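Undergrad: Would you be able to build a 3D model of this:
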Amino acid sequence: MAIFILITILCILIILLAVVTIRAVLCKVSARSLKEKEKKGTPESEEYYSKRLARLISCETVSHKDSYDDTEFSKLRTVIQELFPVMSRRASLRIFGDDCYVYMIPGRDTARNVMVMSHHDVAPVSGGWKYPPFSGKVAEGCIWGRGTVDTKTPLFAEFSAIEELLNEGFEPACNIYLASSHNEEIAGDGIPLAVSYFRKEGIRFEWILDEGGAVIDAPMSGISCKCAMLAVHEKGRHTINLTAGKSSGHEGLMAKTDTPEVRMASFISRVHSHPPFIRRISPQLRAMFDGLAPYMSFPMRIIFANMWLFGGLLKRIIPAMNEQAGAMLGTSGTFKNINTVEDGSCRAELFLRCVNEDDLSAEIEILQKTAADYGIVMSDAKEGNEYYPPASLESTGYKYIKSCVEKYFDYAACAPFILPAGTDARHFGRLCDAVIRFAPIDINNQQFKSVHGIDENISTESVVQAVGFYKELIKGI
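TA: Take a look at the predicted model:
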């Protein structure tokens, strides 16, 4: 009997091994084949676009929370009018807030709308740069300066593509919008004001393409190709105010473990050591793994091509493999602004970034019970809490953009992902079921890390690629 059981178990294991191996092989065989990267432009086209882009980079459009100085923003508007005269003449223009502009080129079917967008404000500059941060210096095959990656290159490429198409006599099939905010970096009011206008006018969009993802070096070990990552969702934001009230009784007679500061510290330690956050493989995360699995080395492919078997294991090991991928599993929390106030209480904020709104509600309930154990009162912040739905992976808009990316960047794997950071695009989540965050720029790890850092730069070849991509995207609508 024991031998029979042993043989049965062995047979099951052999069958299981065969199944996961076959699935890993089929995953590779059925995937789209990648090609060798071909140069899109010429030395002349790279020089032409680089010189023009440098004029945008030279405008020091840094956004500030408490003030707005139009000097550099006005300079940028002038540059745009000079570089793109046909679009400036043909398109209608609306300004929202101080300097958020929305261009519209009417199409043959005025009931249909699509949008490309990229903000024109940039993060402040600090540290020692190899080349002056607002010089637009062309050197070492790259353009250097603040905004080259985030996100004046995509913005320049959008304008250039539309300008060139209009010069060629192109007539859009539908209305094409180009939106650019002056205060995205500070989560400002530019795009929200535009969204209010669109909502009031009943204007919806088939698809919207903003910045967020890009063509990057492999985001996970075991992948040897470039990867075009399309953000189809970004984490919501929720701030909770925490108050540990002053304990009753004489301060000198109180137990040292009963002070508001100690109770707040104990609560924070508890949340860090036993986080209440739900971890799950969401449809967006599963789609990311499905998109990348064919291009993984064989041992890794066995695991990611068989999520039905290894999903539970992956939820545990992904955070150790890749911090950004780990953040896509669910809510993350950060404690900030911890201080003792005049009334003797200790206060803090817990900033939560969630993937799933229902999960967040359940997590907050657990946090409330834990906080009560430490005599801490929780309350929602009055402002800043927001959640927007993800793009539909079944929408025609997402499928169209993904097909354009796969065709144009035929040397890169293509997959969706969840963006931990914030973009202006999130505000359109209820006006479009295909809000995609992807800048068509091919960047390396140094360039990726230079966003909001020092020595931000982009290759001159990538600028040519970006213009070409937007032209193909717009011509195909």
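Undergrad: Under the pLDDT cut-off, which ranges of the stretch 201-350 of the chain? List them.
TA: Scanning the stretch 201-350 of the chain for pLDDT under 70 picks out 248-257.
Undergrad: Going along the chain, name the helices of it.
TA: Along the stretch 201-350 of the chain, the segments classed as helices by DSSP state H, counting those that start in this stretch run 260-273, 283-292, 298-304, 307-321, 323-327.
Undergrad: Which among those is found nearest to residue 36?
TA: helix 283-292 (19.7 Å; CB to CB). Glycine gets a C-beta too; all of them are placed from N, C-alpha and C.
Undergrad: Tell me which residues of the closest one come out buried.
TA: If you call a residue buried by 16 or more other CB atoms under 10 Å, then helix 283-292 has these buried ones: 284-292.
Undergrad: same question, stretch 414-424
TA: Using 16+ other CB under 10 Å as the test for burial, stretch 414-424 gives 414-420, 422-424.
Undergrad: Including pLDDT and distance to residue 165, could those go into CSV?
TA: Listed next are these as CSV, based on pLDDT from 0 to 100; distance: CB to CB, whole Å:
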residue, pLDDT, distance to residue 165
414, 98, 24
415, 98, 29
416, 98, 28
417, 97, 30
418, 97, 32
419, 96, 29
420, 89, 34
422, 90, 31
423, 96, 25
424, 97, 24
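Undergrad: List just the nearest of those to residue 272.
TA: residue 420 (18.6 Å).
Undergrad: roughly how far apart are residue 382 and residue 242?
TA: 15 Å (CB to CB, to the nearest Å).
Undergrad: ok, those two, which is more surrounded?
TA: Shown here are residue 382 and residue 242; by other CB atoms under 10 Å, residue 242 has more neighbours (23 against 8).
Undergrad: how many neighbours does the closest residue to the more buried one other than its chain neighbours have?
TA: Spatially, and ignoring its direct neighbours in sequence, residue 242 is nearest to residue 348 (4.5 Å; CB to CB, 6 or more residues apart in numbering). Burial measure for residue 348: 19 neighbouring residues, criterion other CB under 10 Å.
Undergrad: again, but for residue 27
TA: 19.
Undergrad: Please identify the helix or strand for it.
TA: Assigned by DSSP states H and E, residue 27 belongs to helix 2-29.
Undergrad: Go through that helix and flag the buried ones.
TA: 20, 23-24, 27.
Undergrad: so how far is residue 388 from residue 98?
TA: When distance is defined by CB to CB, residue 98 is 24 Å away from residue 388.
Undergrad: Residue 146 now?
TA: The spacing between residue 146 and residue 388, counted by CB to CB, is 28 Å.
Undergrad: which of the two has more neighbours?
TA: Using other CB under 10 Å as the criterion, residue 146 and residue 388 rank with residue 146 on top: 29 against 18.
Undergrad: is it true that the more buried one touches residue 125?
TA: Yes - using CB atoms under 8 Å, residue 146 is in contact with residue 125, at 5.5 Å.
Undergrad: Next, show the common contact partners of these two.
TA: When contacts are counted by CB atoms under 8 Å, 6 or more residues apart in numbering, the set common to residue 146 and residue 125 consists of 62, 133-134.
Undergrad: What about those residues, which one has the most neighbours?
TA: Neighbour tally across the shared contacts of residue 146 and residue 125 (other CB under 10 Å): the maximum, 23 neighbours, falls on residue 133.
Undergrad: State the distance from it to residue 303.
TA: 43 Å.
Undergrad: Kindly report the same for residue 392.
TA: Distance, residue 392 to residue 303, by CB to CB: 27 Å.
Undergrad: what about the nearest residue in space to residue 59 that is not next to it in sequence, distance to residue 56?
TA: Of all residues not flanking residue 59 in the chain, residue 76 sits nearest, at 4.0 Å (CB to CB, 6+ apart). From residue 76 across to residue 56, the span is 7 Å (CB to CB).
Undergrad: Which residues are in contact with each of the two?
TA: Common neighbours of residue 76 and residue 56 (CB under 8 Å, 6+ apart) are residue 120.
Undergrad: Can you give me the domain boundaries for the chain?
TA: 43-233+390-475, 234-380 (automatic domain parsing).
Undergrad: quick one, strands of the stretch 301-450 of the chain?
TA: Counting by DSSP state E, counting those that start in this stretch, the stretch 301-450 of the chain has strands at residues 332-340, 346-354, 376-380, 413-419, 435-442.
Undergrad: Which of the ones you listed sits closest to residue 175?
TA: strand 435-442 (16.9 Å).
Undergrad: coming back round to it: between the domains of the chain, which one is closest to residue 1.
TA: Closest of the domains of the chain to residue 1 is domain 234-380, at 28.6 Å (criterion: CB to CB).
Undergrad: Pull the distance from that closest one to the chain's centre.
TA: Relative to its chain's centre, domain 234-380 lies at 20 Å (CA atoms, centre = their mean, to the nearest Å).
Undergrad: my read: residue 53 touches residue 156, true?
TA: Yes - when contacts are counted by CB under 8 Å, residue 53 is listed as touching residue 156 (4.8 Å).
Undergrad: Give the residues shared as contacts by these two.
TA: In contact with both residue 53 and residue 156: residue 463, using CB under 8 Å, 6+ apart.
Undergrad: Neighbour count: residue 392 and residue 303, which is higher?
TA: More crowded of residue 392 and residue 303, by other CB under 10 Å: residue 303, with 20 against 16.
Undergrad: Look up how far residue 329 lies from the closest residue to the more buried one other than its chain neighbours.
TA: Excluding the flanking residues, the one nearest residue 303 by CB to CB, 6+ apart is residue 310, at 4.8 Å. According to CB to CB, residue 310 and residue 329 sit 14 Å apart.
Undergrad: So for these two, which residue has more residues nearby?
TA: Neighbour count, other CB under 10 Å: between residue 310 and residue 329, residue 329 has more, with 21 against 15.
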